[in-house]
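> Fold the stuff below for me.
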Amino acid sequence: MNKILILFAHPIFERSRIQKALVNAVPVSKYITFHDLYEFYPDFNVRIDIEQDLLLSHDIIIWQHPFYWYSVPPLLKQWIDLVLEFGWAYGPGGEALKGKVVFNAISSGGRQEAYTPEGRNRFEVNHFLTPLEQTARLCLMHYAPPFVIHGTHRLNEEQIKNYAYQYQSLLEQLQRKPLEFLTDFKGKYLNELIV
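Take a look at the predicted model:
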């Protein structure tokens, strides 16, 4: 069984219908650790030792967050800057995360068609996630495509429930399947893996 670490970052979680639904859908499992960064570090004082220990004890890392200005919320960025240290995560001797899998689980207010060359954002979501992909590669991790929910402001309750079910299903599959289930996947979004 794969151990999954969900690094959740949402500075105004109380306002998010979709992220609440996703969080509530996380299966209760000894193989899944849900770690709310804003709850754990309200002062932004990230404990590097605690975070590195968490990373070492898990196989799959999920950066779950809203898609803020084409990137991650500020605390998650700080987490990346501090925790993925030179000599530990990358650089000479930096192989602590080698072979682990990481991906983003994101919610976006923009519709999917807005994230196309013809759309208002001019690029696909995966293009905006390139710095995170390169971060993972520098740390010798496998970067998988994201799980994405578009148009969150326009979703009705039934659609939100459906996405929560998809996320729950994905997490259940990831516990049981070999890591190649993610590393060999060539699709655009992990949503395509839901059966």
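
> Quick one: residues in contact with the helix or strand of the chain with the lowest mean pLDDT.
Here the helix or strand of the chain ranked lowest by mean pLDDT, DSSP states H and E is helix 180-183, holding a mean of 90. For helix 180-183, contacts defined as C-beta atoms under 8 Å, 6 or more residues apart in numbering pick out 60, 101, 103, 142, 144, 173-174, 190, 193. In this view, the C-beta of every residue, glycine as well, is placed from N, C-alpha and C.

> Quick one: distance of that helix to the chain centre.
Relative to its chain's centre, helix 180-183 lies at 15 Å (C-alpha atoms, centre = their mean, to the nearest Å).

> do stretch 99-118 as well
Once both centres are worked out by C-alpha atoms, centre = their mean, stretch 99-118 turns out to sit 10 Å from its chain's centre.

> pLDDT (mean, whole number) over the lengthiest helix in the chain?
Across the chain, the longest stretch assigned as helix under DSSP state H is helix 157-176. Averaging pLDDT along helix 157-176 yields 96.

> List the buried residues in that helix.
Neighbour-count burial for helix 157-176 flags 160, 163-164, 166-168, 170-171, 173-175 (criterion: 16 or more other C-beta atoms under 10 Å).

> for stretch 110-121, same thing?
Buried residues in stretch 110-121, defined by neighbour count with 16+ other C-beta under 10 Å: 110-112, 114-115, 121.

> now stretch 127-143
Neighbour count says stretch 127-143 has 128-129, 132-133, 135-136, 139, 141-143 buried, by 16+ other C-beta under 10 Å.

> thinking again about what came up before, helices or strands next to the longest helix of the chain in the packing?
Using 3 or more C-beta pairs under 8 Å, 6 or more residues apart in numbering; DSSP states H and E, the elements in contact with helix 157-176 are strand 4-8, helix 17-25, strand 147-149, helix 180-183.

> any chance of the ones you listed in CSV, plus distance to residue 89 and mean neighbour count?
Shown next, in CSV, are these (distance: least, C-beta to C-beta, whole Å; neighbours: other C-beta atoms under 10 Å):
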stretch, distance to residue 89, mean neighbour count
strand 4-8, 14, 22
helix 17-25, 26, 18
strand 147-149, 23, 25
helix 180-183, 19, 15
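
> Looking at the ones you listed, which is nearest to residue 37?
Among the helices and strands packed on helix 157-176, the nearest to residue 37 by C-beta to C-beta is strand 4-8 (6.2 Å).

> what packs against that closest one?
Looks like strand 4-8 contacts strand 32-36, helix 37-40, strand 60-66, helix 157-176 (3+ C-beta pairs under 8 Å, 6+ apart).
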